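Novice: Take a look and give me a structure for this.
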Amino acid sequence: MSRKVVITGIGATTPIGSDAASTWQAALAGTSGIHALDNDWGEKYSLPVTIAGKVPAGTVEEKLTRVEAKRLDPSSQFALISAREAWADAGTPDVDPDRLAVSWASGIGGVWTLLDAWDTLRERGPRRVMPLTVPMLMPNGPAAAVGMELKARASVQTMVSACASSTESLGHALDILRSGRADVVVAGGSEAAIHPLPLAAFASMQALSKRNDDPEHASRPYDVDRDGFVMAEGAGALVLEFEDHAKARGATIYAELAGSGVSNDSYHITAGDPDGTGAARALRLALDDADASPADVRHINAHATSTPVGDIPESVALNKILGAAIDDAAVSATKSMTGHLLGGAGAVEAILTVLALKERMAPPTINTQNVDPAVNLDVVLNDPRKLPDGDLLAVSTSFGFGGHNAVVVARSV
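Specialist: Below you'll find the predicted structure:
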């Protein structure tokens, strides 16, 4: 029998909470983290979108020193904050650095650093560009920050697969442990791309909600009136290790990370396959990896971005694989509260999935008033829902530009 991989630590900083506990409580309460941006970007750049989900004010100042913050892009700041929390939550494992790995993700990386440096170069010349600009802007910057913080030497790697990135990082962590290359892996993802350029670019492709006058209700997955996703920032981190290793050191176990699956649509650079073929294949692979059947699934934390073309293919894929069992799976679309953290979304949603199993409570999907008739899912609307007793299986799904599909499966313990 293969050794079980379990989750022993979690950490997060999101638009609805500065840590994992506050994020979870806000999710259960149906709290929106989407607000109007407190700046002049709309007027200065004629941006059509002026809402987003930002981490709570003061989070970085409270949790990082000024020197640490200055040397890190915001995407790395959030990564370090969440990883420190997860590591402490796991009991600060005493592990040989050569047996400790990091599997991190970012969809975009240090975009703030890159664009600020460009402004500096144009306005003040090359001598004023910070020497740390390249280490701060590179997509593996967050992984490197976490790896150096924890002294991880087995491997420190970065998944970059758009919005599927941090779900892929969890699957990669599972592979690292099963291969025997490490005893403990810190996995997760972070993003900090709320900047005028990404906002303008996403808005140009008609991907963002333009409900500037009603930000808290802008993200409405599956609703017939959905008009796009809402940009958000933050990070999520999870500590993974084998069950026997965790028990030997007396660690608290949240859930088992039982399986993962990845695939690609090879259909369109930004749109998912409307038939959901690739997404369905990733789900099937994840269930097979977990040695689970469709009838075992009782909860789904769906990718559900609130885009007109994105939500339906996911419903199609879930129905393809789960069949009649889809009626017994409570579906939560938590981006309705957090917004879309891009490369950090999967990690945060995996944490919410794990806590749903532990607390046996599915978070609500807020703002959705009229579910699109093309969506055949049991969406948990408005209020959290109690999950059944006994063994529970849950899945978390992520899909990204480039046709990337990633799914992880968690099992209650």
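Novice: State the helix or strand in which the residue most central in space within the chain lies.
Specialist: Central residue of the chain (CA atoms, centre = their mean): A345, 2.0 Å from the mean position. Element membership for A345 (DSSP states H and E) is helix 345-359.
Novice: Go through stretch 315-334 and flag the buried ones.
Specialist: Buried residues in stretch 315-334, defined by neighbour count with 16 or more other CB atoms under 10 Å: 315-322, 325-326, 329-334. C-betas here are computed from N, CA, C, even on glycine.
Novice: Which pair of these spans the longest distance?
Specialist: The span of the buried residues of stretch 315-334, defined through CB to CB, is set by K320 and T334 at 22.9 Å.
Novice: what's the burial count for the closest residue to the residue nearest to the centre of the chain other than its chain neighbours?
Specialist: Closest residue to A345 apart from its sequence neighbours, by CB to CB, 6 or more residues apart in numbering: C163 at 5.8 Å. Residues near C163, counting by other CB atoms under 10 Å, number 27.
Novice: Also D213?
Specialist: Count around D213 with other CB under 10 Å applied: 10.
Novice: Give the helix, strand or coil label for it.
Specialist: Secondary structure state of D213, per DSSP: H, G, I helix; E, B strand; the rest coil, is coil.
Novice: Helices of the stretch 251-400 of the chain, start to end?
Specialist: Counting by DSSP state H, counting those that start in this stretch, one finds helices in the stretch 251-400 of the chain at the ranges 277-289, 311-322, 335-338, 345-359.
Novice: Which of the ones you listed sits closest to H195?
Specialist: Relative to H195, the nearest member of those by CB to CB is helix 345-359, separated by 17.5 Å.
Novice: What residues sit buried inside that closest one?
Specialist: For helix 345-359, by 16+ other CB under 10 Å, it's 345-358.
Novice: do stretch 375-391 as well
Specialist: Going by neighbour count (16+ other CB under 10 Å), the buried part of stretch 375-391 is V375, L377, V379, V380, L381, P384, R385, L387.
Novice: Can you give me the distance of G346 to A162?
Specialist: Remark: distance between G346 and A162 (CB to CB, to the nearest Å) = 11 Å.
Novice: starting at the chain centroid, how far to the helix or strand that A21 is a member of?
Specialist: In the assignment (DSSP H and E), A21 maps to helix 20-28. Helix 20-28 sits 15 Å away from the centroid of its parent chain (CA atoms, centre = their mean, to the nearest Å).
Novice: buried stuff in it?
Specialist: In helix 20-28, counting by 16+ other CB under 10 Å, buried: A20, S22, T23, W24, A26, A27, L28.
Novice: Disregarding flanking residues, what is the spatial nearest neighbour of the last one?
Specialist: Read it as L28. P384 (5.0 Å).
Novice: Now do the same contact list for that neighbour.
Specialist: The neighbours of P384, taking CB atoms under 8 Å, 6 or more residues apart in numbering as the test, are L28, G30, M361, A362, P363, P364.
Novice: give me that answer again for 10 Å
Specialist: Taking CB atoms under 10 Å, 6 or more residues apart in numbering, we find P384 in contact with A27, L28, A29, G30, A330, S332, A356, E359, M361, A362, P363, P364.
Novice: roughly how far apart are the residue nearest to L377 when sequence neighbours are not counted and G228?
Specialist: Closest residue to L377 apart from its sequence neighbours, by CB to CB, 6+ apart: V331 at 4.6 Å. Taking CB to CB as the measure, V331 falls 20 Å from G228.
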